[in-house]
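Student: Provided below for reference: sequence and predicted model.
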Amino acid sequence: MRLLIVEDNAELSRLVAGGLAKAGYESDIVGSAAEAREAVSSVSYAAMILDLGLPDGDGLSVLRELRLKMEPLPVLVLTARGGVQDRVSGLRSGADDYLVKPFAMEELVARLEAILRRPGQLLGRSLSLANLVYDTESRQIFVDDQPRIISARETSVLEILLRRQGRVVPKKNVEDHIFGLEGEVASNAVEVYVSRLRKQLAEHGAKVVIHTIRGVGYLMTEEK
């Protein structure tokens, strides 16, 4: 899953992104409220980690704007403001959780996972369809209980399709999940990775089918 880190301290954001990467999460980093608004409008994130003391405004204003737009994006506030009223204000503004600096990386990951396990969110320890199982923590893939190796980009495609199995996933959502804010992406990049994933799953004997819904996106179902 791809996360958005909104933090103007470059060293801290790098450390947080590194810790999240070890836990199996990919992250985009922005350092201002304006960049956060732009990122959220262009990429579909699983969750946001939001600092309140941003150089161009208060992070709470970004949070309030999201909630006024009925944006359900889970938000974990990460800040040095540790007073009771600060925490209450953050939660009442729409934060899903509130973590005060300094903090332990293990606690940040645990709180994030707790948010994503809530009803309607995306996290599950394992995702399965037919004889295919994907462990979201270890990022291991099993077919008929046997571990199989699939390359990293294709694994990202597999994850988002399994999380939304039985539903059409728009091509843009797949692209965002793979690339985030990486910049220019080849127009056929998603098609290439989906094609490679199909081939690898077939070679491993997975009894699933990835359907292309022309002009819309992709749908993963059990092989009939």
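Tutor: Okay, I see it.
Student: Output the below-cut-off pLDDT ranges for the chain.
Tutor: Within the chain, the segments meeting pLDDT under 70 span 119-125, 137, 181-184.
Student: So which residues of the protein form helices?
Tutor: Assigned by DSSP state H, the helices in the chain fall at 10-22, 33-42, 59-68, 84-92, 105-116, 152-163, 171-179, 189-203.
Student: Ok, which of these comes nearest residue 131?
Tutor: Taking CB to CB, helix 189-203 is the member of the helices of the chain nearest to residue 131, at 10.5 Å. Bear in mind the C-beta positions are built from the backbone N, C-alpha and C, glycine included.
Student: How about that closest one, which residues are buried there?
Tutor: 190, 193-194, 197-198, 200-201 (16 or more other CB atoms under 10 Å).
Student: Which of these sits closest to residue 216?
Tutor: The nearest member of the buried residues of helix 189-203 to residue 216, counting by CB to CB, is residue 190 at 12.3 Å.
Student: That closest one touches residue 173, doesn't it?
Tutor: No. With contact defined as CB atoms under 8 Å, residue 190 does not count as touching residue 173 (9.8 Å).
Student: what's the neighbour count on residue 172?
Tutor: By other CB atoms under 10 Å, the residues close to residue 172 number 13.
Student: Now do the same contact list for it.
Tutor: 44, 217 (CB atoms under 8 Å, 6 or more residues apart in numbering).
Student: Return the distance of it relative to residue 215.
Tutor: Here residue 172 is placed at a distance of 12 Å from residue 215 (CB to CB, to the nearest Å).
Student: circling back: could you export the buried residues of helix 189-203 as a markdown table, including distance to residue 21?
Tutor: Output for these, formatted as a markdown table (distance: CB to CB, whole Å):
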| residue | distance to residue 21 |
| --- | --- |
| 190 | 22 |
| 193 | 20 |
| 194 | 24 |
| 197 | 22 |
| 198 | 27 |
| 200 | 23 |
| 201 | 25 |
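Student: Just give me the closest of these to residue 108.
Tutor: residue 193 (29.6 Å).
Student: Let me see the contact set for the closest one.
Tutor: 153-154, 156-157, 178.
Student: before we move on, the earlier item: distance to residue 128 for the helices of the chain - can I get that in TSV?
Tutor: Shown next, in TSV, are these (distance: least, CB to CB, whole Å):
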stretch	distance to residue 128
helix 10-22	24
helix 33-42	31
helix 59-68	32
helix 84-92	35
helix 105-116	18
helix 152-163	8
helix 171-179	19
helix 189-203	14
